[in-house]
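Just a sequence and a predicted model for now, questions to come.
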Amino acid sequence: MRVVIDGLHILHGVDFDVAPAGVTALLGRNGAGKTTTVKAVMGLVPRTGSIRLSGAEISSLPTHLVVRHGIGYAPEDRGIFARLTVAENLRLAERGAPGGAEGSEPNYSLVHELFPELKERSGQLAGTLSGGQQQMVAIGRTLLNQNRLIIADEPTKGLAPKIVSEVAEVLARAAEAVPVLLVEQNLALVRRLAGTCAVLADGRTAHQGDTAELLADEEAARRLLGVGSRHPLAGGLRSAATPATPVVTAEVKP
Ligand SMILES: Nc1ncnc2c1ncn2[C@@H]1O[C@H](COP(=O)(O)OP(=O)(O)OP(=O)(O)O)[C@@H](O)[C@H]1O
């Protein structure tokens, strides 16, 4: 996949798979191209190449059709309507089944089970919620519909440690139902949640594989992520199986 904006080559060789279950982390240093990559998947920036969702080519689709194919997107800025209530923010996200098929109701029971606070605060203006609560709305919206993939772009950015743990728990539970592509700088969280990862560097895929193996490899972690050998994550990390068939593949077309 490639992205050129105003003549600038932002992405020039991004090629990775999202595992069909659990969390896949999209990693890389600041400016590596992570946010641009997820925007390209969503059709929010012009892109060329191939993006396949469960085998279907979606790289030429506009954003609303990408969404209808079954991708729930929690953007970096959370995309909350501050002057609408929590309930109205959720209602705006309602849609039918992937591909436009009829017959699937928005799953409010799942959202309220994972985030009881959203039910309690349904009449509150979203702009008056805390950062963590707004993140709950953003992730809750992705769980409302029957999605094939959830993309969360730095969902813990700027949150207090206690809220980070809560959001991590929610992502873990969400990933039991739907595969998640997670852009995240917090490597402790990545270690806990993501079995597999792709690492971007300078607009290209620099690495893809088992997250634990990468974080245990001092040289690779330092080179790709800037993690030093004394970093608490270096060495002895959990491993997770890599399922066989990717849910999303993004690659450069020859
Ligand atoms: N619309 C744009 N116009 C020009 N340059 C852009 C645009 N969007 C992104 N870039 C540049 O492309 C590069 C990749 O940006 P991107 O936001 O995708 O990186 P990132 O890996 O998400 O970084 P961070 O971790 O800091 O959020 C950066 O150098 C950025 O300045």
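Yep, that arrived.

alpha carbons only for contacts and neighbour counts from here, please
Noted.

avg pLDDT for the longest helix seen in the chain?
Among the segments of the chain that qualify as a helix by DSSP state H, the longest is helix 161-177. For helix 161-177, the mean per-residue pLDDT is 87.

Output the contacting helices and strands for it.
Packing partners of helix 161-177 (3 or more C-alpha pairs under 8 Å, 6 or more residues apart in numbering; DSSP states H and E): helix 131-144, helix 187-193.

Without its sequence neighbours, what residue ends up closest to Arg29?
If the residues on either side of it in the chain are set aside, Arg29 comes closest to Leu225, at 5.8 Å by C-alpha to C-alpha, 6 or more residues apart in numbering.

same check, this time on Gly158
When the adjacent residues along the chain are set aside, Gly158 lies closest to Gly131, with 7.8 Å between them (C-alpha to C-alpha, 6+ apart).

ok now do Ser60, which residues does it touch?
Listed by C-alpha atoms under 8 Å, 6 or more residues apart in numbering, the contact set of Ser60 reads Gly43.

so Leu110 makes contact with Leu144?
Yes: under the contact definition of C-alpha atoms under 8 Å, Leu110 touches Leu144, with a separation of 7.5 Å.

which one of those two has more residues nearby?
When neighbours are counted by other C-alpha atoms under 10 Å, Leu144 comes out ahead of the other of Leu110 and Leu144, with 22 against 14.

roughly how far apart are the residue nearest to Arg29 and Arg191?
Between Leu225 and Arg191 the distance is 13 Å, computed by C-alpha to C-alpha, to the nearest Å.

Could you do Thr35 as well?
In this structure, Thr35 lies at 20 Å from Arg191, with C-alpha to C-alpha as the measure.

same check, this time on Val4
Shown here: Val4 relative to Arg191, a distance of 32 Å by C-alpha to C-alpha.

out of these two, which sits in the more crowded spot?
For Val4 versus Arg191, neighbours defined as other C-alpha under 10 Å are more numerous around Arg191 (20 against 14).

In the stretch 151-254 of the chain, what residue comes closest to the ligand?
Proximity to the ligand, evaluated over the stretch 151-254 of the chain using C-alpha to the nearest ligand atom, is greatest for Gly203 at 6.8 Å.

ok, now which ones touch the closest residue in space to that residue that isn't next to it in sequence?
Taking C-alpha to C-alpha, 6+ apart, and ignoring the residues beside it in sequence, Gly203 has Leu11 as its nearest neighbour in space, at 4.2 Å. Leu11 makes contact with 1-4, 33, 36-37, 202-204 under the criterion C-alpha under 8 Å, 6+ apart.

which residues sit in contact with the residue nearest to Arg29?
With contact taken as C-alpha under 8 Å, 6+ apart, Leu225 is in contact with 27-29.

what's the answer for Glu57, then?
Residues counted as contacts of Glu57 (C-alpha under 8 Å, 6+ apart) are 50-51.

Phi, psi for it please.
Dihedral pair for Glu57: phi -80, psi 120, per degrees, to the nearest 10.

returning to that earlier point: which of the contacts of Leu11 scores worst on pLDDT?
Met1 (85).

And for that residue, the neighbour number?
Other residues within reach of Met1 by the criterion other C-alpha under 10 Å amount to 24.

now Lys162
Summarising burial for Lys162: neighbours were counted as other C-alpha under 10 Å, giving 10.

try Phe115
Using other C-alpha under 10 Å, the number of residues around Phe115 comes to 18.

Repeat that for Ala188.
Residues contacting Ala188 under the criterion other C-alpha under 10 Å number 11.

So it versus Ala25, what's the distance?
Applying C-alpha to C-alpha, one obtains 12 Å for the distance of Ala188 from Ala25.

Likewise for Val66?
Summarising the geometry, the distance separating Val66 from Ala25, computed by C-alpha to C-alpha, is 20 Å.
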